[in-house]
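Asks: build me a model:
(2 chains)
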Amino acid sequence: MLDDGLDTIVAGIRCRDVLADLSGYLDGELQASRIAQLQAHLNGCDRCARFGGAVAEVLAQLRSAFTVPAALQDVTATRLHARVAEATGR
Amino acid sequence: MDDAALLRAAAAGDAHAFTLFMRAHQAAVHRYLLALLGPGADEEDALQDTFINAWRGASGFLSIGSARGWLYSIARNAVRHQLRRRVGEPECVESLEALAERAGWGSLPDTGIDSDGVIARESLQDAMRHLPREECEVLTLRELDGFSGEETARLLEISIPAMKSRLHRARVHLAAAVRALDTSQPGSCANA
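Replies: Residues are numbered from 1 along each chain as shown, chains lettered A, B, ... in the order given. Take a look at the predicted model:
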């Protein structure tokens, strides 16, 4: 493998093309033949494999980072319900 | 009663039905607003505006499409309203490749993820606030709120291919922002 940055070709695919297909790969939207091509590339390209893994990890942890603390939810919900009660005339 | 029935009842003046609808969705809408606006008065104002406007506009809900999608379109307007009150900073546009390199492509394992694979919660929250609003929005709808690609595209009023392209860029951008925050990388394209 010649290191040519994003134009490096591994298993017949450029790293640039792997990058372009990363979301489709993570979302399971690609055809089986394309998945096989990408997997062959990832098996031989540590950089792309680790990069894809890092992006997937960031996304996996995103959800837990944005849970609203229960205490904040309670306080906000109380104020919200008071405002809406005012608006609805309850 | 399902969401659509609750909204129809609310449109007929049933405040209790609206309260039930609000209870079912307030936590998710709160999280959406928190992701887009950050914590503070803005986000709480937007939450209240969302539900008050939903109450007032309940008769505008047509039972075509999901009630949740309808509610999020109102929340989206509330975000726009809050953001208009803020002084905007110009967004710089980087190529996807440049973002990937900032996200650590080619220089891993320095990705902002520690040896246990854990990313600090604050880093992720900060990173989201460093994204352009459109990218933060598509990530929130797809990754946090679980809207389908079709629903997300409809909410954002863009085509499905455009939504996918924006989502892809947002994911790479988020990884770059996490890394930039954790490693103090220069050249961040922050607009927060």
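Asks: rest of the way, CA atoms for contacts and neighbours
Replies: Fine.
Asks: now stretch A:81-90: how far from the chain's centre is it?
Replies: Average the C-alpha atoms of stretch A:81-90, do the same for its chain, and the two points are 39 Å apart (C-alpha atoms, centre = their mean, to the nearest Å).
Asks: in it, which residues are buried?
Replies: A:H81, A:R83, A:V84, A:A85, A:T88 (16 or more other C-alpha atoms under 10 Å in any protein chain shown).
Asks: kindly report the same for stretch B:143-152.
Replies: Applying a neighbour-count criterion of 16+ other C-alpha under 10 Å, one finds B:E143, B:L144, B:D145, B:F147, B:G149, B:E151, B:T152 buried in stretch B:143-152.
Asks: give me the contacts around that stretch.
Replies: For stretch B:143-152, the external contacting residues (C-alpha atoms under 8 Å, 6 or more residues apart in numbering or on different chains) are A:59, A:62-63, A:66, B:28, B:32, B:69, B:138, B:141-142, B:160, B:163-164.
Asks: try it again at 7 Å.
Replies: Around stretch B:143-152, the neighbours that count as contacts under C-alpha atoms under 7 Å, 6 or more residues apart in numbering or on different chains are A:R63, B:L141, B:R142, B:I160.
Asks: now those in JSON lines, with pLDDT, neighbour count and secondary structure?
Replies: Formatted as JSON lines, the entries for the contacts of stretch B:143-152 read as follows, by pLDDT from 0 to 100; neighbours: other C-alpha atoms under 10 Å in any protein chain shown; DSSP: H, G, I helix; E, B strand; the rest coil:
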{"residue": "A:R63", "pLDDT": "79", "neighbour count": "16", "secondary structure": "helix"}
{"residue": "B:L141", "pLDDT": "94", "neighbour count": "21", "secondary structure": "helix"}
{"residue": "B:R142", "pLDDT": "93", "neighbour count": "16", "secondary structure": "helix"}
{"residue": "B:I160", "pLDDT": "94", "neighbour count": "16", "secondary structure": "helix"}
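Asks: stretch B:169-176 near chain A anywhere?
Replies: Yes - against chain A, stretch B:169-176 shows contacts by C-alpha under 7 Å from any C-alpha of the partner chain at B:R171, B:V172, B:A175.
Asks: grab the nearest non-local neighbour of the residue of chain B found nearest chain A.
Replies: Going by C-alpha to the nearest C-alpha, chain A is nearest to B:R121 of chain B, at 4.9 Å. Of all residues beyond its chain neighbours, the one nearest B:R121 is A:A65 (4.9 Å), with distances taken as C-alpha to C-alpha, 6 or more residues apart in numbering or on different chains.
Asks: burial measure for the one you found, as a count.
Replies: Using other C-alpha atoms under 10 Å in any protein chain shown, A:A65 is surrounded by 17 other residues.
Asks: for B:L37, same thing?
Replies: Number of residues near B:L37 (other C-alpha under 10 Å) recorded here: 23.
Asks: and if you look at the one 3 residues further on?
Replies: By the other C-alpha under 10 Å criterion, the neighbourhood of B:G40 contains 9 residues.
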